[in-house]
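1. Predicted coordinates and the sequence they were generated for:
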Amino acid sequence: MARIEKLIRKMKNRPNGISFDEIAKALNYHGYILVRKNGSHRNFRNASGDVIIIKESNPVKAVYVKDVLARIGE
């Protein structure tokens with residue numbers, strides 16, 4: 001659990017340097033699963049039906065990181 005907390009802290013402090021794999025880890029930990037791949041975009045959905053679309057690039061744009069943080073409640 002400490003690794004996820006450290007990752008979330010890193011996402012808050014430096015949203016421009018986050019890789020897609022780190023975003024996927026944070027989303028998976030908070031109940032989102034990958035449901036669709038369409039080109040370079042990946043769709044994640046949680047149990048309540050909330051869908052978030054992330055463009056797979058490295059590093060991920062800060063706007064996606066901030067959206068993920070808002071949706072997981074951080």
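-> Noted; the coordinates are in hand. Numbers count the residues shown, from 1 in each chain.
2. How about the secondary structure of the most centrally placed residue in the chain?
-> Nearest residue to the geometric centre of the chain (CA atoms, centre = their mean): Ile23, 3.3 Å. Assigned state for Ile23: helix (three-state reduction, DSSP: H, G, I helix; E, B strand; the rest coil).
3. residues touching it, list them.
-> Residues counted as contacts of Ile23 (CB atoms under 8 Å, 6 or more residues apart in numbering) are Met11, Ile54, Val60, Tyr64, Val65, Val68. All C-beta atoms are positioned from the backbone trio N, CA, C, and that covers glycine.
4. Please narrow these to those residing in strands.
-> Ile54 (DSSP state E).
5. would TSV of the contacts of Ile23 with pLDDT, neighbour count and distance to Arg42 be doable?
-> Shown next, in TSV, are the contacts of Ile23 (pLDDT from 0 to 100; neighbours: other CB atoms under 10 Å; distance: CB to CB, whole Å):
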residue	pLDDT	neighbour count	distance to Arg42
Met11	94	22	17
Ile54	95	22	5
Val60	95	23	11
Tyr64	95	19	10
Val65	96	23	14
Val68	95	25	12
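6. Quick check: the two most widely separated of the contacts of Ile23?
-> Met11 and Ile54 (12.7 Å; CB to CB).
7. so what's Asn13 scoring on pLDDT?
-> pLDDT, Asn13: 94.
8. same question, Gly73
-> pLDDT at Gly73 comes out at 84.
9. helix/strand/coil for it?
-> Following three-state DSSP, the label given to Gly73 is coil.
10. So what's the residue count around it?
-> Here the number of neighbours of Gly73 (other CB atoms under 10 Å) works out to 6.
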